[in-house]
Structure formats: C-alpha cells, structure tokens
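Student: I'll drop the sequence and a predicted model, then ask my questions.
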Amino acid sequence: MESRWKEYWKRVLAPPGAAPTVHYQHLVNTIHASQLRAEANHTSWQRQLPAHGFLAVCLAGLLAFSPASARAAEPTARDELAAAELMETALLARQAGLEDMRKMETVYAGLVAKYPKDAAVRNGQAEFFWNEGKRDRAVETWQAAEQLDPKNAVVLDHLGDCHLGNGEAKKAAGYYARATASAPANPAYHYSYANVAYIFRHELLDVDHPDAAAVLRLALHHFGEASRLEPLNIEYARAYAETFYTMPDPDWPTALQAWQHFYEITPGKDFALLNLARVHMKLGHKPQARESLSQIKSPEYDRIKTRLRERIEAEAAIPSIPSIPEPARQ
C-alpha cells in the first residue's frame with residue numbers, strides 16, 4: 001500500500017487535471033523517499049507529542065540545534081531554518097490543521113524579515129508555500145531567492161520544476177542547465193535536465209543544438225552523468241541505457257556497457273538480459289546474444305525471445321558473399 005505521503009506529493013506536484021509526467025513521477029518518488037526518512041527519524045519523539053497544541057510541536061524545533069549552537073548567544077540563519085523545517089515536518093506528520101499551518105507560515109515570514117538577503121531562507125519559505133498549494137506565492141518567493149543567489153542550485157531546480165509544470169519546456173531546460181552547472185556533482189539535477197531534453201528534443205533547438213539529434217546527445221550525456229554519480233540508482237542506469245536506442249548514431253559498445261551495468265544492479269535480470277541480447281545482435285555477437293536469451297527465465301518474455309532467436313538464426317543462415325578482388329590497374 002502506498003504511503004499517504006506519496007499520494008500527498010502527487011497532489012502537490014502534478015499539474016492540475018493532468019497525470020504526472022516522467023519527470024514529475026521521479027520527483028514524487030524522490031520526495032516521497034525523503035519524507036519517509038524524515039518520518040523514520042522522528043517517529044520516537046512524535047509519539048511523545050500531545051495530540052494537539054502548536055507549542056508542543058515547537059519543541060521539535062529545538063531538536064534542530066546541536067548542543068554547541070544551543071549554547072551560542074545567537075543562532076544562525078541555518079539553525080533557525082533547520083528548526084522551522086523540522087517543525088513543519090512534525091506538523092505534516094501529524095496532519096496539523098489550518099490554524100497550525102498559518103502559524104507555521106508566520107514562522108517563515110519572521111525568518112525572511114530577519115534574514116532578508118538569505119536565499120536559503122527564501123527557499124524554505126517557498127517550499128512551504130508549495131507544499132500548502134500556494135503555487136503562485138512559491139514561485140514568487142523562489143524568484144526572489146534567485147535574485148539573491150543566481151547560482152543556488154536548489155532554487156534553480158525548483159524553478160525548473162515550476163516551468164515544466166506550466167508546459168514551458170525551454171524555460172525549464174534553462175533552469176535545469178543552470179542547476180547542473182552550479183552543482184555538477186548532484187545526479188538528480190542531471191537526471192531532471194536529461195528528461196526534459198529527451199522528451200522535448202524537438203522544442204529545445206538553438207545555436208548549439210540545431211537539431212533533435214544534438215539535443216538527444218545532450219540528454220544522453222546528462223543521463224550518463226546521473227548514472228555515473230549515483231551508480232546504484234536503477235532508474236538512472238535504465239534511462240541512460242535505453243536512450244541509446246533513440247540515438248541516430250548509437251555507440252553500441254558503450255550501450256553494451258550501460259546495459260551490463262544495469263544488469264549488475266537491477267533485481268529484474270530478465271529485462272536486462274533481453275536488452276543485452278538486443279545490443280549483442282546490433283554488434284554482431286550472435287553467440288553472446290543466444291547466451292543472454294538462454295538465461296531469461298520469466299515466461300513474460302517468451303514471445304520476444306522467440307522473435308529474437310528467429311532473427312539470430314535467420315541472419316546466421318545468410319551466406320556471406322565473398323569479396324571480388326579488384327582488377328589490377330594498368
């Protein structure tokens with residue numbers, strides 16, 4: 001059974017009246033996992049909180065401070081933001097009412113007033129607005145954060161999500177590109193950029209990418225970066241490997257490596273073996289293709305296995321035409 005959090009984030013992130021896109025589904029899954037971790041971390045003290053009362057929940061905010069910061073004369077913006085975010089997590093976890101969430105909104109407003117030039121504080125407030133369904137206010141706040149720190153990758157990624165949700169693929173791609181440039185070691189940003197480039201490859205043409213093939217190469221690069229940076233992520237590995245099939249000039253040896261990596265990390269070995277067989281066929285490796293097909297156990301793939309075997313045998317039965325030597329030149 002899906003966690004209530006996953007359903008919550010689907011409602012928050014999906015465009016009104018539309019099913020979540022591939023990118024949004026990825027975002028839902030990522031935030032869902034983060035929320036589950038937050039619940040697991042705070043379960044013990046949440047059980048000790050009274051069933052109601054905002055002041056009781058505020059006690060959770062104190063846990064965000066380390067002993068050293070608690071002794072400090074003045075907490076930093078990061079300390080206070082961490083406390084506010086923890087308080088928000090507690091409120092969401094106990095499904096707080098409207099009154100408590102309004103008080104939480106006041107907490108973020110106070111932080112922005114106290115730290116008006118801190119982009120991270122603005123981002124925290126924007127995320128709160130977004131979670132509450134106040135999307136216009138969230139976007140305005142993220143835009144204000146961008147003005148304060150144009151290289152803040154978290155803010156840029158959020159703005160990319162917003163534009164994607166509005167169907168503005170070019171603007172979304174621009175923000176994702178900036179996010180990957182600001183935080184090149186973050187695999188999620190590469191994956192977001194790659195998804196937009198892949199899906200909207202016919203719309204993202206520019207001087208550097210004059211045709212869809214060039215945009216596909218961009219997508220392949222960023223899928224590859226995401227998989228390289230998080231090598232045990234099955235979703236990243238599969239997206240990278242599958243993109244080779246769409247390329248107009250696929251590098252099949254590299255595609256084979258990508259599918260071999262996917263085979264090593266996925267529990268669904270049969271799907272990986274099927275694709276290994278396909279790529280071996282592309283490379284003319286008929287014995288290896290047969291071997292991959294022979295290892296597939298699920299009857300789900302029987303039909304396509306039969307078709308691939310027939311292709312292998314048909315190609316093997318075609319006699320090779322000997323080359324005719326050119327006549328000697330006079």
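Tutor: Everything's here; your move.

Student: quick one: contacts for residue 81?
Tutor: Applying CB atoms under 8 Å, 6 or more residues apart in numbering to residue 81 gives the contacts 111, 120, 121, 124. From N, CA and C alone the C-beta is placed, and that goes for glycine too.

Student: Am I right that residue 260 is in contact with residue 276?
Tutor: Yes: contact criterion CB atoms under 8 Å: residue 260 and residue 276 qualify, at 6.8 Å.

Student: higher neighbour count, the two?
Tutor: Taking neighbours as other CB atoms under 10 Å, residue 260 and residue 276 compare with residue 276 leading, 26 against 14.

Student: so what's that one up against?
Tutor: Going by CB under 8 Å, 6+ apart, residue 276 touches 256, 259, 260, 263, 288, 292.

Student: got a winner among those for most neighbours?
Tutor: With neighbours taken as other CB under 10 Å, the top of the contacts of residue 276 is residue 259, carrying 27 neighbours.

Student: ok, back up a step: any chance of the contacts of residue 276 in CSV with secondary structure and pLDDT as columns?
Tutor: CSV is the format used below for the contacts of residue 276 (DSSP: H, G, I helix; E, B strand; the rest coil; pLDDT from 0 to 100):
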residue, secondary structure, pLDDT
256, helix, 98
259, helix, 98
260, helix, 98
263, helix, 98
288, helix, 96
292, helix, 97
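
Student: could you redo these as JSON lines and give each row distance to residue 214?
Tutor: Putting the contacts of residue 276 into JSON lines (distance: CB to CB, whole Å) gives the following:
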{"residue": "256", "distance to residue 214": "24"}
{"residue": "259", "distance to residue 214": "24"}
{"residue": "260", "distance to residue 214": "27"}
{"residue": "263", "distance to residue 214": "30"}
{"residue": "288", "distance to residue 214": "32"}
{"residue": "292", "distance to residue 214": "32"}
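
Student: so which of these comes closest to residue 177?
Tutor: residue 259 (27.6 Å; CB to CB).

Student: In terms of helix, strand or coil, where does residue 227 fall?
Tutor: Using DSSP: H, G, I helix; E, B strand; the rest coil, the structure places residue 227 in helix.

Student: And the pLDDT for it?
Tutor: Looking at residue 227, its pLDDT is 98.

Student: for residue 184, helix, strand, or coil?
Tutor: Going by three-state DSSP: residue 184 is coil.

Student: got a list of what it touches?
Tutor: Per CB under 8 Å, 6+ apart, neighbours of residue 184: residue 225.

Student: now swap in residue 77 and tell me
Tutor: Contacts here follow CB under 8 Å, 6+ apart; on that basis residue 77 touches 111, 114, 115, 118, 120, 121.

Student: ok, those vs residue 301, which is closest?
Tutor: Taking CB to CB as the measure, residue 301 lies nearest residue 120 of these, at 48.6 Å.

Student: That closest one: neighbour count?
Tutor: By other CB under 10 Å, neighbour count at residue 120 equals 19.

Student: Which residue is the nearest non-sequential neighbour of it?
Tutor: Leaving aside its chain neighbours, residue 120 sits nearest to residue 81 (6.1 Å; criterion: CB to CB, 6 or more residues apart in numbering).

Student: and if you look at residue 122?
Tutor: Nearest to residue 122 is residue 145, by CB to CB, 6+ apart, at 3.7 Å.

Student: cool, and residue 234?
Tutor: Closest to residue 234 by CB to CB, 6+ apart is residue 266, at 5.2 Å.

Student: Pretty sure the one you found sits against residue 235.
Tutor: No: if you go by CB under 8 Å, residue 266 and residue 235 don't touch, sitting 10.0 Å apart.

Student: What's the mean pLDDT across the helix or strand where residue 92 lies?
Tutor: Element membership of residue 92, judged by DSSP states H and E, is helix 77-93. Averaged over helix 77-93, pLDDT sits at 91.
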